[in-house]
Structures are given as C-alpha cells and as structure tokens.
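> Sequence and predicted model, in that order:
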Amino acid sequence: SKGDTVYVYNGTYYEHFGIDKSLTLLGEDPNTTIIDGNGTGTVVSIHTYSASVAGFTIKNSGDWPYQGMYIDGLSYGNITKNNITNNGMGIRIDASANTNVVGNNITNNGQGIYFDSADNNNVFGNNIMANKWEGIRLGGSSNNIIHGNNITNNEYGVFICPYSNIVIANNIANNEYGVYVALTSNCIIYHNNFIH
C-alpha cells in the first residue's frame, strides 16, 4: 500500500517491474540483492510522486535506450546505495524534481545518469565510472546540483546542454572530456579536481 516499505531478501530476481505508488523498496544488501533484466527492456520504472529505492544491484537492461532505472515524474524521491551496471543507460530521469541520487555505484553502462527536462535534483557522493558515453548528461535540465562525485573513465565526465546547472567539488578524472558545456550560460563549475 501507499507509504509502505517493501523489504527484499538476498537473491537474484530476473524480472522487470514498475513502481506506481509512493513506497520504499529496500534490498537486504546491494551486492547480493540483484534485479537482473536478462538483457531486455528497462529493469525498474518509477512513475509516481514520491518513492525510494535502496540496496540493490540493478543490471542487464536491453541495449540503449533501455535503462536500469527509468524515473518519470518523481518528486522528493531517493535513489541510494545501489549498484547500477551493464545497462543501456544506468538511470534516466525525466520530468522529475527534488530527487536525490546518492551513494550509488553507476558503472559500465552506455550512459551513467541521463537527465531530460528534470530540474532541481541532487546527485551526491556517487561513483560514476567506466560508462561508454557520458557519466552524467544534463539535457534540457536546470538547477541540478552535481556534488562530491567520483566521475572517472567515461567519454564525457559531465555533459551540459543547454541550461544552467551546478558542478561542485567532484573528482573528475581520466575522461575524454572532463566537463563539456554546449549552448549554455550561467553554469557554476567550481572546486572540482580535474585529472588527465
């Protein structure tokens, strides 16, 4: 029911599912509670006002443009302490606001996190590594805060087009492009550590 917490025990679950009410989905351990899309479709979809997902490995969506997690219309949500790997896109966030993406390992996806028309969200303390294209892509999105992340070994660390966002105090290393800003004004980019 709305407002409940669904606790999921360790195991590998081969499935695809959607969340359409405000609840918390909590895995027992992010390394051993695995939702596996078996190479097809989008693995987890969220279509509700407020929801939280924590403590899972979410992997093996279909090829791009399918996602490990697809978030549409979420406000005041939390995506925390998950391993999101081997997906076309790790997380796609559409038309969502005031959602926190915190403490996740987002690795080996086509794109790590893709924002589309999503404003005022917070991406903090994630490891965003070894994604084929962008670690984070901010498309048509504004006033998102990208703070304190480890963004390494992607083609683009952060790609911003065309609106203003804040990129602060990240470790941005070994990317083809550290931060790529296109057709954009009023971005705030400071106190980042750029290496190679």
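Sure thing, it's come through.
> how many neighbours does H147 have?
Neighbour count of H147, defined by other C-beta atoms under 10 Å: 18. Quick note: C-beta positions are derived from backbone N, CA and C, even for glycine.
> how about the helices of this structure, start to end?
Shown for the chain, no helices are assigned by DSSP state H.
> where in it is pLDDT low?
By pLDDT under 70, the chain contains no weakly predicted segment.
> got a list of what N104 touches?
Going by C-beta atoms under 8 Å, 6 or more residues apart in numbering, N104 touches I79, T80, K81, N82, N83, I84, N126, N127.
> Take those and lay them out in CSV including neighbour count.
Below are the contacts of N104 laid out as CSV (neighbours: other C-beta atoms under 10 Å):
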residue, neighbour count
I79, 30
T80, 19
K81, 19
N82, 28
N83, 22
I84, 31
N126, 30
N127, 18
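> now these in JSON lines, with distance to A95?
JSON lines is the format used below for the contacts of N104 (distance: C-beta to C-beta, whole Å):
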{"residue": "I79", "distance to A95": "16"}
{"residue": "T80", "distance to A95": "21"}
{"residue": "K81", "distance to A95": "25"}
{"residue": "N82", "distance to A95": "21"}
{"residue": "N83", "distance to A95": "26"}
{"residue": "I84", "distance to A95": "20"}
{"residue": "N126", "distance to A95": "21"}
{"residue": "N127", "distance to A95": "26"}
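> Inside strands: which ones of those?
Cross-referencing these against strands under DSSP state E gives I79, T80, N83, I84, N127.
> Please name the nearest non-neighbouring residue to the third one.
Translated: N83. In space, and not counting its chain neighbours, N83 is closest to T57: 4.2 Å by C-beta to C-beta, 6 or more residues apart in numbering.
> cool, N86 as well?
Spatially, and ignoring its direct neighbours in sequence, N86 is nearest to K59 (4.7 Å; C-beta to C-beta, 6+ apart).
> bridging residues for that neighbour?
D36, T85 (DSSP bridges).
> Great, nothing more from me.
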